[in-house]
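S.K.: coordinates only, sequence not included:
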């Protein structure tokens, strides 16, 4: 069952300590997009759309992997 944004907003880490999950993910995505955009333009003034999309996608996933742990699917 999908959770709404408000349900994902806070996750208890320990009694009295909470993480703002939406904020953490939002910041990671924002940072990944910005880094991917800069990297796509690092050596090219006008990179192809496919290069932009691939680079931004990779950097967003890298940023998410820094704040989230994904279980391996067998």
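M.R.: The structure has been received and is ready for your questions. The structure displayed is predicted, hence computed values, not measured ones. Numbers count the residues shown, from 1 in each chain.

S.K.: just the pLDDT for the residue located most distally from the centre of the chain.
M.R.: Computed with C-alpha atoms, centre = their mean, the maximum C-alpha offset from the centroid of the chain is found at residue 15, amounting to 26.7 Å. With respect to pLDDT, residue 15 has a value of 72.

S.K.: for residue 10, same thing?
M.R.: For residue 10, the pLDDT comes out at 61.

S.K.: low-confidence bits of this protein, can you list those?
M.R.: Segments of the chain classed as low confidence (criterion: pLDDT under 70) are 1-14, 74.

S.K.: give me the neighbour count for residue 66.
M.R.: A total of 11 residues lie near residue 66 under the criterion other C-beta atoms under 10 Å. The C-beta positions use only the backbone N, C-alpha and C, and glycine is treated the same way.

S.K.: before we move on, what about the one 5 residues further on?
M.R.: By other C-beta under 10 Å, the residues close to residue 71 number 5.

S.K.: and it, how far is that from residue 29?
M.R.: Relative to residue 29, residue 71 is positioned 20 Å away (criterion: C-beta to C-beta, to the nearest Å).

S.K.: can you give me the strands in this protein?
M.R.: Along the chain, counting by DSSP state E, strands occupy 10-14, 17-20.

S.K.: state the distance from the closest residue to residue 35 other than its chain neighbours to residue 34.
M.R.: Nearest in space to residue 35, with sequence neighbours left out and distances taken as C-beta to C-beta, 6 or more residues apart in numbering, is residue 59 at 4.5 Å. As for residue 59, its distance to residue 34 is 8 Å (criterion: C-beta to C-beta).
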